[in-house]
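Chemist: Have a look at this prediction, sequence included:
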Amino acid sequence: MSPPCVAYWDGENNGGDTTKGVTKTQINLVVPGGLAQLGKGIGGIIEHFNSRYEFYGRKINVQYLTTEEFVSLLNPAQYGAYAEQIDTEMNAFGVITAGGLDGSTSTLYDLLADRGIISVDVAAGFRTEEELSQGPNADYKWSFSMSDDNLQEHVAEFVCKNLVGKRAIHAGDGLTDTTRRFGLIVQRNPTGASMTGSVLAAGLRACDASLAPTERMTYTWNAQPPTPSAPTVLAKLRSQGVTSVMCVCTNHVVGQALIASEELGWEPEWISTGTGFQGSDSNLAAFWPQNQLAHYFGVSAESKVNSYPGEAWFVAAREGDPTITAAYMQNQHSNWGLTLEAMYQSMLIFATGIQGAGPNLTPETFAAALREAEFTNPGAGGPPYYQQRIELEAGEHSFVKDATLTYWDPTIRPYDDPQLGTFCYVNHGRRYTLGNWPSNTEEKFYGKGRPADVPCR
């Protein structure tokens with residue numbers, strides 16, 4: 001994910017206050033969602049970018065939006081108030097993001113775009129490419145992660161090539177000899193943007209997959225339970241002969257679906273769609289029913305999780321603050337590593353656009369720089385780190401272009417948490433672009449027991 005180089009700057013006049021949130025000496029970026037407690041890690045990452053990139057006499061100035069909600073649990077009812085504060089009180093050029101709980105945060109980014117404030121989202125499958133790149137405010141909306149429609153195309157290709165027309169061998173007892181029938185759940189948010197599974201459903205129908213009617217499951221922020229319809233939806237899918245369930249939804253909604261299925265005593269295959277950190281966030285998945293996780297496998301669009309010395313975000317944070325060591329991180333909250341990686345990815349796009357824009361930094365020059373950027377992607381998709389490939393094709397505003405395959409293993413300890421249980425990778429985490437998914441992966445998921453000679457990572 002190396003950024004493109006730029007010409008040497010002689011250090012003379014940078015134009016001063018070129019746009020909202022930019023002065024002669026600083027560029028104001030806001031971190032929302034109660035992330036001030038990660039200030040040490042974020043500070044190290046920002047120092048890395050300030051020292052390694054050419055910002056033409058300016059430095060990134062990070063401000064924290066104070067909210068009652070932890071990390072990315074922003075209250076959708078407060079999006080308007082957050083946008084007002086980020087604009088008028090914090091004078092932001094842009095917002096560094098760490099994904100969102102319910103997938104509705106694109107509504108906040110739209111409100112910010114209306115005010116001329118840039119956002120770089122980090123959460124796969126929350127916005128379509130059209131939502132990002134079309135309309136009068138497109139220059140303000142970017143996503144490091146894969147767009148919703150592109151991700152669903154990946155899932156459809158994987159499923160069609162590997163699973164359609166075959167027995168549900170990864171399901172629980174009573175289903176393993178049944179030819180797969182797929183069920184699709186799509187998350188609905190009562191406030192803010194919702195999701196759609198139309199691209200995935202169309203892709204499955206195109207390869208003659210047996211597909212039950214799509215079911216919607218409403219997620220209500222901060223409610224108990226947050227998905228009251230989960231038991232009804234899962235019972236309906238079961239009654240329709242479904243063997244294999246996919247959810248275009250966030251991790252929290254997947255967890256609620258697994259809990260409802262466990263209460264029903266039903267163990268279908270759970271096929272990860274990669275949406276909202278599915279198939280990658282082991283810190284959250286460890287709290288889901290282990291009987292259900294034994295049948296959980298599929299697509300992940302996130303970076304492979306490596307040990308700390310092999311993580312780009314960790315190298316950057318430690319360079320900016322040498323006291324950020326592996327031992328330090330292992331003593332922090334279990335999802336800090338995942339959150340800091342998301343902040344690093346968002347900041348990577350910001351830094352690339354700011355550096356490429358030159359001294360006259362505006363949203364327009366920032367957008368033009370990203371469109372012209374050519375990323376070298378050294379070793380992308382392969383050993384030793386299997387990192388994501390990022391690039392922009394004409395008219396696009398989302399960067400990640402490949403995905404990998406994961407499954408749950410309850411016996412392996414993650415790198416950043418003392419609990420047992422993490423996601424393992426098929427073929428060490430090799431990544432695939434559209435049109436290049438293999439057709440021989442069905443038997444490489446070992447949720448029911450991984451052979452000793454097959455590495456998890």
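Modeler: That came through, no problem.

Chemist: any idea where the strands of the protein begin and end?
Modeler: Under the criterion DSSP state E, the chain carries strands at the ranges 26-31, 59-64, 94-96, 118-121, 141-143, 182-188, 215-218, 244-248, 269-272, 296-300, 402-409, 422-425, 432-433.

Chemist: average model confidence for the longest one?
Modeler: Just to be clear, that refers to strand 402-409. Confidence over strand 402-409 (mean pLDDT, whole number) is 95.

Chemist: Can you spell out which helices and strands pack onto it?
Modeler: For strand 402-409, the helices and strands in contact under the criterion 3 or more Cβ pairs under 8 Å, 6 or more residues apart in numbering; DSSP states H and E are helix 148-162, strand 296-300, strand 422-425, strand 432-433. (C-beta placed from N, C-alpha, C; glycine too.)

Chemist: Pipe the ones you listed into CSV and attach distance to residue 245 and mean pLDDT per row.
Modeler: Listed next are the helices and strands packed on strand 402-409 as CSV, based on distance: least, Cβ to Cβ, whole Å; pLDDT from 0 to 100:
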stretch, distance to residue 245, mean pLDDT
helix 148-162, 12, 96
strand 296-300, 10, 95
strand 422-425, 18, 92
strand 432-433, 23, 95
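
Chemist: Mind checking those for the one nearest to residue 327?
Modeler: Shortest separation from residue 327 across those is recorded for strand 422-425, at 19.3 Å, computed as Cβ to Cβ.

Chemist: Adjacent strands (with direction) for the closest one?
Modeler: When pairing is defined by DSSP bridges, strand 422-425 lines up against strand 402-409 (antiparallel).

Chemist: quick one: contacts for residue 59?
Modeler: Listed by Cβ atoms under 8 Å, 6 or more residues apart in numbering, the contact set of residue 59 reads 25-27, 50.

Chemist: now the helices and strands packed on strand 402-409 in CSV, with mean neighbour count and distance to residue 252?
Modeler: As requested, the helices and strands packed on strand 402-409 are exported to CSV (neighbours: other Cβ atoms under 10 Å; distance: least, Cβ to Cβ, whole Å):
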stretch, mean neighbour count, distance to residue 252
helix 148-162, 23, 17
strand 296-300, 26, 15
strand 422-425, 25, 17
strand 432-433, 18, 27
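
Chemist: Quick one: closest of these to residue 356.
Modeler: Nearest of those (Cβ to Cβ): helix 148-162, 23.4 Å.

Chemist: Just the CA atoms of the closest one, as PDB, please.
Modeler: The C-alpha atoms that make up helix 148-162 are tabulated as PDB, following Å, rounded to 0.1, in the frame of the first residue of the first chain:
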ATOM      1  CA  ASP A 148     -21.000  -2.800  -1.100                       C
ATOM      2  CA  ASP A 149     -21.700  -3.800  -4.600                       C
ATOM      3  CA  ASN A 150     -18.200  -4.900  -5.400                       C
ATOM      4  CA  LEU A 151     -18.000  -7.000  -2.200                       C
ATOM      5  CA  GLN A 152     -21.300  -8.700  -3.000                       C
ATOM      6  CA  GLU A 153     -19.900  -9.600  -6.500                       C
ATOM      7  CA  HIS A 154     -17.000 -11.300  -4.800                       C
ATOM      8  CA  VAL A 155     -19.200 -13.300  -2.500                       C
ATOM      9  CA  ALA A 156     -21.400 -14.400  -5.400                       C
ATOM     10  CA  GLU A 157     -18.400 -15.500  -7.500                       C
ATOM     11  CA  PHE A 158     -17.000 -17.500  -4.500                       C
ATOM     12  CA  VAL A 159     -20.400 -19.100  -3.700                       C
ATOM     13  CA  CYS A 160     -21.200 -19.900  -7.300                       C
ATOM     14  CA  LYS A 161     -17.800 -21.500  -8.100                       C
ATOM     15  CA  ASN A 162     -17.500 -23.500  -4.800                       C
END
